[in-house]
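need a 3D model of the following:
(chains A and B)
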Amino acid sequence: ELKVEQNPLFLSMQEGKNYTIYCNYSTTSDRLYWYRQDPGKSLESLFVLLSNGAVKQEGRLMASLDTKARLSTLHITAAVHDLSATYFCAVDDRTSNYQLIWGAGTKLIIKP
Amino acid sequence: DVKVTQSSRYLVKRTGEKVFLECVQDMDHENMFWYRQDPGLGLRLIYFSYDVKMKEKGDIPEGYSVSREKKERFSLILESASTNQTSMYLCASCRTASYNEQFFGPGTRLTVL
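Numbers count the residues shown, from 1 in each chain, chains lettered A, B, ... in the order given. Below is the predicted model:
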């Protein structure tokens, strides 16, 4: 059974700092997705990582995928308050009709 | 841009009522999904559909049914609502199973009294 673990689950940080959220998964998959959810809102797709070594960047966020280590990272550079949200990673489960298996989410609070 | 819409943002129903939640996507996506999201439990898949009139159970289908009569529309039905079905319901769609970037609707917050 494919499992996806995110850590940390909660992160409080100061503006201007750098930090990384980790997403580990338990079986072979080469497709990983990152989403953002603001409080009371729905999920928004951030990044789609489709192969080993894939790196995507959008503003202060950068995501990468290492399929051999079964690890994806979401790196935040010089955090700003607007990035406060809950971030989810999800992995394709090819044994289950390509359902997405979701991590529990990382709640990120960035203090001014 | 892909647009996924849901029929209601907020809904209050009474125990035992039949509840319909509707979802429409406008990008000709093959796959559609219904999730529920509860604090501390994350996202849980209720049902999904990979074609018109086709459906598959997700992780928590009990107490729910679905209907997909047209490609763009996927309905979630609570046959007899119960208080433990109070939750945020999220609909999503994706182009195909082989490209599973899912686009979400705004969500329906359902309260069952």
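
rest of the way, CA atoms for contacts and neighbours
Fine.

which residues does the residue nearest to A:His81 when sequence neighbours are not counted bridge with?
Leaving out its chain neighbours, the residue that sits closest to A:His81 by Cα to Cα, 6 or more residues apart in numbering or on different chains is A:Ile110, at 5.0 Å. When assigned by DSSP bridges, A:Ile110 has beta-bridge partners A:Met13.

A:Ile110 and A:Ala78 touch, don't they?
No - if you go by Cα atoms under 8 Å, A:Ile110 and A:Ala78 don't touch, sitting 10.4 Å apart.

those two: which is more packed in?
Taking neighbours as other Cα atoms under 10 Å in any protein chain shown, A:Ile110 and A:Ala78 compare with A:Ile110 leading, 19 against 13.

report how many residues lie close to A:Ile76.
19.

go ahead and confirm it touches A:Gly16.
No - assessed by Cα under 8 Å, A:Ile76 is found out of contact with A:Gly16, at 9.6 Å.

common neighbours of A:Ile110 and A:Ala78, please.
Taking Cα atoms under 8 Å, 6 or more residues apart in numbering or on different chains as the contact rule, A:Ile110 and A:Ala78 both touch A:Glu15.

which strand in chain B runs the most residues?
For chain B, the strand with the greatest residue count under DSSP state E is strand B:42-51.

ok now it, how far from the chain's centre?
Here the centre of strand B:42-51 is set off from its chain's centre by 7 Å, with Cα atoms, centre = their mean, to the nearest Å.

give me the contact list for it.
A:102-105, B:30-37, B:55-61, B:64-66, B:68, B:71, B:96-97.

where does pLDDT dip in chain B?
Applying pLDDT under 70 to chain B flags residues B:1-2.

chain A now?
Applying pLDDT under 70 to chain A flags the ranges A:97-98.

alongside chain B, which residues does it contribute?
Selection of chain A residues close to chain B by Cα under 8 Å from any Cα of the partner chain yields A:33, A:41-45, A:48, A:92, A:97-98, A:100, A:102-105.

bridge partners for residue 20, pull those for me.
Assuming you mean chain A. A:His75.

that's the wrong chain, I wanted chain B
Here B:Phe20, judged by DSSP bridges, has bridge partners B:Ile77.

now the end-to-end length of stretch A:67-75.
17 Å (Cα to Cα, to the nearest Å).

buried residues of that stretch, list them for me.
For stretch A:67-75, burial by neighbour count (16 or more other Cα atoms under 10 Å in any protein chain shown) applies to A:Thr67, A:Arg70, A:Leu71, A:Ser72, A:Thr73, A:Leu74, A:His75.

and which of those is nearest to chain B?
A:Ser72 (16.1 Å; Cα to the nearest Cα).

check which helix or strand the closest one maps to.
Using DSSP states H and E, A:Ser72 maps to strand A:71-76.

which helices and strands does that strand pack with?
strand A:19-25, strand A:61-66 (3 or more Cα pairs under 8 Å, 6 or more residues apart in numbering or on different chains; DSSP states H and E).

and the next helix or strand past it?
Counting by DSSP H and E, what follows strand A:71-76 is strand A:85-93.

what residues does the nearest residue to A:Asn18 once chain neighbours are set aside make contact with?
Excluding its sequence neighbours, the residue lying closest to A:Asn18 (Cα to Cα, 6+ apart) is A:Thr77, at 4.6 Å. For A:Thr77, the contact set (Cα under 8 Å, 6+ apart) comprises A:Gly16, A:Lys17, A:Asn18, A:Tyr19, A:Arg60, A:Leu61.
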